[in-house]
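here is my input, please return the structure:
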Amino acid sequence: MKAYVFPGQGAQHPGMGKDLYEKFPLAKEMFNKADAILGFGITGLMFDGTQEDLRQTRVTQPAIFIHSVVLAAVLGNRFLPDMVAGHSLGEFSALVAAGALSYEDGLRLVFSRATAMQKACDAEPSTMAAVLGLDDEVVEAACAAAEGIVVPANYNSPGQIVISGSVTGIDSAIKKLQELGAKRAIKLSVGGAFHSPLMEPARAELAIAIEKTPLENPRCPIYQNVNAIPVTDPEEIRKNLVDQLTSPVKWTQTVKNMIADGANIFTEVGPGNVLQGLIKKADSKVETLSAADRL
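Numbering: from 1, shown residues only. This next block holds a predicted model:
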């Protein structure tokens, strides 16, 4: 069975999408529409901006979303998933590609999400850290015992978790995790504590936007971040999208559940190949592909 997966923040790179724009009329139309909807030239930032330009949350999230959704649209009849999933932001891309959200509504939601998250980051200094080489339970216990706010944010693959919280909390947790034998426990260059209680102001703001946005049944099940199980009901999807902002991304669990349900070919739709690497760490026997290689 075929699973299509969509990356989240961190997959961006200068020049992303320019080849699609130049080669496919549909892509050009969708990129131009994005500029009109957002009211600024995001395509110029994607094609010719610097890494620093693309690191701004309000740019990063819509840029990755646009690239992923355009790539899925260009695949056309070759985009035939039995199931889909997206890592954090990628969940919105997956929903558009699977027909649950329109491109226009999806882009507006993603920009609202990015703006709300940026405001939450600016309101209180916070950060994230990558932890390698420890079992999930050990990391969870260290977070619970740390000073300040710190929680697991991304269960990326076996032995790889990202934690999120206040600067004090992250510093305290890193020290404890290093004592426990982590291969690595290092801060990430991010704007704030995504997928933690510190995103609660953004969650409340996003809930209003999501409630107003039409959602349809997707063409296939979407395995959502908050519970890692297949969902098709629009109201359940809606609730999970809101809860996602303050809940961990259960990517390891998602991949394992998709494989248990029959997925044996995973195609990454978007910039980069980060998800392919994470999937291989979860199960080296499954086949992983890049959608860009199929054009």
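
who's in contact with stretch 218-227?
By CB atoms under 8 Å, 6 or more residues apart in numbering, the residues outside stretch 218-227 that reach it are 81-88, 91, 94-95, 98-100, 229-232, 237, 240-241, 243-244, 247-251, 254, 257-258. In short, each C-beta sits where N, CA and C put it, glycine included.

same question, stretch 280-295
Contacts for stretch 280-295 (CB under 8 Å, 6+ apart): 4, 23, 71-72, 74-75, 78-79, 157-160, 252, 255-256, 259, 263-270, 273, 276, 279.

element containing the residue lying closest to residue 13 once chain neighbours are set aside, please.
Nearest-residue entry for residue 13: residue 271, 5.9 Å, with adjacent residues in sequence omitted and distances by CB to CB, 6 or more residues apart in numbering. According to DSSP states H and E, residue 271 maps onto no helix or strand at all.

tell me the contacts of residue 271?
7, 11, 12, 13, 16, 17, 64, 67, 68.

now with 7 Å, please.
By CB atoms under 7 Å, 6 or more residues apart in numbering, residue 271 lies in contact with 7, 11, 12, 13, 16, 64, 67.

what sits against the nearest residue to the third one once chain neighbours are set aside?
In this structure, residue 12 finds its nearest non-sequential neighbour in residue 54, 4.5 Å apart by CB to CB, 6+ apart. With contacts defined as CB under 7 Å, 6+ apart, residue 54 is in contact with 12, 14, 45, 60, 63.

and if you look at residue 172?
Applying CB under 7 Å, 6+ apart, we find residue 172 in contact with 146, 147, 148.

hmm, back to that, just the ones of the contacts of residue 271 in helices?
Those of these mapping onto helices are 64, 67, per DSSP state H.

now list the buried members of the contacts of residue 271.
Among the contacts of residue 271, the ones that count as buried by 16 or more other CB atoms under 10 Å are 7, 11, 12, 16, 64, 67.

by pLDDT, give me the weakest of these.
Lowest pLDDT among the buried ones among the contacts of residue 271: residue 11, with 85.

these two touch, right, it and residue 64?
Yes - judged on CB atoms under 7 Å, residue 11 makes contact with residue 64 at a distance of 5.6 Å.

got any residues that touch both of those two?
Common neighbours of residue 11 and residue 64, using CB under 7 Å, 6+ apart, are 270, 271.
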